[in-house]
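Peer 1: mind looking at a prediction? Sequence and model below.
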Amino acid sequence: MKGPARHAALMLASITSLLCPSGSWAQSGTYPSRPIRLVVPYPPGGAIDPIARMLIQRMDESWNQPVVIDNKPGAGTLIGTDFVAKSAPDGHTLGLVATSFTVLPSVHVKMPFDPVKDFAPIGLVAYIPLMLVVNPQVPAQSVTELIELAKAKPGQLYFSSVGNGTSQHLAGELFKSMAGVNIVHIPYKGSGPSTMSVVGGETSMTIDTVFLMAPLIKAGKLRALASAGARRAPLAPDVPTLAESGLPGYDVATWVGLLAPAGTPSEAIQKWNHHINRLLQIPEMRAQQMSQGMQPAGGTPEQFGDLIRSEVTRWGKVARQAGLAPD
């Protein structure tokens, strides 16, 4: 083929590629056309896994394809999340992310992706309430008393977290900033070591999930002072929020949401968003989440996108106020 005919063929091919960005999409005409990979950038058995498993329940016959959960932990969730960002935007690779997704830009100089530009939000799935707890030997029965104690002993109290630059770390830094206290941060590798440091008295306090803390509180190994979210936690309705306890405006919870690579067709985005919202209206699904200390979320892709943008800004400000230098 030569001359004008070849030029016309190339033009037609270019137009076709623009109209049909995914070969498998164009051939099948429906979504999904093959198995879907749901990437969870955390180790198996963590707090996010039950949400991933919930998402693949009750998928009706219109899906006609399985969903495979793929745990890709490492580098503070960067490995799994970057895998999603760089996957083909055809709706067959999705990622389940949490609050730390919006914290990453505040603690890493070289990000392999942009949390706003490189992803297409699908929907918010759940909130996981956090709680401020102290070692029972700490002479503070309330948040007010804890703040008074910290002001009387600057630099002598310690708060643990699941690691530098994590959402739990910044939740503690936000507490310090709003309360005007000097409490020393001690990072650990994971919720288990962080929590046990408070139980053993190596540190004074921590902020972590209510679901994790509840058994230890019941056993008298930790004392609950306040829920960190805007509302009281369902598993601890008698425990006031930090906002109710003298820090108005304090509102931190771990949220979990589903997203796809930027450029993913709206058919896939809307189908998954509809599935999420339908699941969260089923009484058994809501009860399942509540029994695990979660609060059902839901909403539109646009609302989830707004949350991501606002959280990136918010945690960036907290990190700067805390003097955290990106790695």
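Peer 2: The structure has been received and is ready for your questions. Since this is a predicted model, take the numbers as computed values, not measurements. Numbering: from 1, shown residues only.
Peer 1: for this protein, longest helix please?
Peer 2: For the chain, the helix with the greatest residue count under DSSP state H is helix 301-321.
Peer 1: now that one: buried residues?
Peer 2: 301, 304, 305, 307, 308, 311, 312, 314, 315, 316, 318, 319 (16 or more other CB atoms under 10 Å). Just so you know, the C-beta spots here come from the backbone N, C-alpha and C atoms, and that holds for glycine as well.
Peer 1: try stretch 123-139
Peer 2: Here stretch 123-139 shows 123-135, 138 as buried, counting by 16+ other CB under 10 Å.
Peer 1: what's the answer for stretch 51-62, then?
Peer 2: 51, 52, 54, 55, 56.
Peer 1: got those as JSON lines, with secondary structure and pLDDT columns?
Peer 2: Shown next, in JSON lines, are these (DSSP: H, G, I helix; E, B strand; the rest coil; pLDDT from 0 to 100):
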{"residue": "51", "secondary structure": "helix", "pLDDT": "91"}
{"residue": "52", "secondary structure": "helix", "pLDDT": "93"}
{"residue": "54", "secondary structure": "helix", "pLDDT": "91"}
{"residue": "55", "secondary structure": "helix", "pLDDT": "92"}
{"residue": "56", "secondary structure": "coil", "pLDDT": "91"}
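Peer 1: which one of those is nearest to residue 173?
Peer 2: Within the buried residues of stretch 51-62, the smallest distance to residue 173 is 26.1 Å, found for residue 51 (CB to CB).
Peer 1: who's in contact with that closest one?
Peer 2: 96, 125, 126, 256, 289, 294 (CB atoms under 8 Å, 6 or more residues apart in numbering).
Peer 1: now go through those and say which are in strands.
Peer 2: The members of those that map onto strands under DSSP state E are 96, 125, 126, 256.
Peer 1: so how far is residue 254 from the third one?
Peer 2: Separation of residue 126 from residue 254 (CB to CB, to the nearest Å): 9 Å.
Peer 1: before we move on, what about the first one?
Peer 2: Here the distance between residue 96 and residue 254 works out to 12 Å (CB to CB).
Peer 1: quick one: which of the two has more around it?
Peer 2: Between residue 96 and residue 254, counted using other CB atoms under 10 Å, residue 96 has the larger neighbour count: 25 against 22.
Peer 1: where does this protein dip in pLDDT?
Peer 2: Low-confidence segments of the chain, defined by pLDDT under 70: 1-29, 325-327.
Peer 1: looking at the buried residues of stretch 123-139, which is nearest residue 277?
Peer 2: Closest to residue 277, out of all of those and judged by CB to CB, is residue 123, at 7.0 Å.
Peer 1: how far is the host helix or strand of the closest one from where the chain is centred?
Peer 2: Using DSSP states H and E, residue 123 maps to strand 119-134. Between the centre of strand 119-134 and the centre of its host chain there is 5 Å, according to CA atoms, centre = their mean, to the nearest Å.
Peer 1: show the contacting residues for the closest residue to residue 102 other than its chain neighbours.
Peer 2: Leaving aside its sequence neighbours, residue 102 sits nearest to residue 311 (CB to CB, 6 or more residues apart in numbering; 3.7 Å). Residues near residue 311 by CB under 8 Å, 6+ apart: 99, 102, 103.
Peer 1: name the member of the residues you listed with the most neighbours.
Peer 2: residue 103 (27 neighbours).
Peer 1: show me what contacts that residue?
Peer 2: So residue 103 contacts 165, 166, 167, 170, 311, 315, 319 (CB under 8 Å, 6+ apart).
Peer 1: so residue 164: helix, strand or coil?
Peer 2: Under the three-state scheme (DSSP: H, G, I helix; E, B strand; the rest coil), residue 164 adopts coil.
Peer 1: how much space between it and residue 311?
Peer 2: 18 Å.
Peer 1: the spatially closest residue to residue 44 that is not a sequence neighbour bridge partners, please.
Peer 2: Spatial nearest neighbour of residue 44, excluding adjacent residues (CB to CB, 6+ apart): residue 71 at 4.9 Å. Note on residue 71: beta-bridge partners residue 40, judged by DSSP bridges.
Peer 1: against residue 312, how distant is residue 71?
Peer 2: If you go by CB to CB, the gap between residue 71 and residue 312 works out to 25 Å.
Peer 1: got the buried residues of stretch 123-139 as JSON lines, with distance to residue 34 columns?
Peer 2: Output for the buried residues of stretch 123-139, formatted as JSON lines (distance: CB to CB, whole Å):
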{"residue": "123", "distance to residue 34": "22"}
{"residue": "124", "distance to residue 34": "27"}
{"residue": "125", "distance to residue 34": "23"}
{"residue": "126", "distance to residue 34": "28"}
{"residue": "127", "distance to residue 34": "32"}
{"residue": "128", "distance to residue 34": "32"}
{"residue": "129", "distance to residue 34": "37"}
{"residue": "130", "distance to residue 34": "38"}
{"residue": "131", "distance to residue 34": "42"}
{"residue": "132", "distance to residue 34": "46"}
{"residue": "133", "distance to residue 34": "46"}
{"residue": "134", "distance to residue 34": "51"}
{"residue": "135", "distance to residue 34": "52"}
{"residue": "138", "distance to residue 34": "54"}
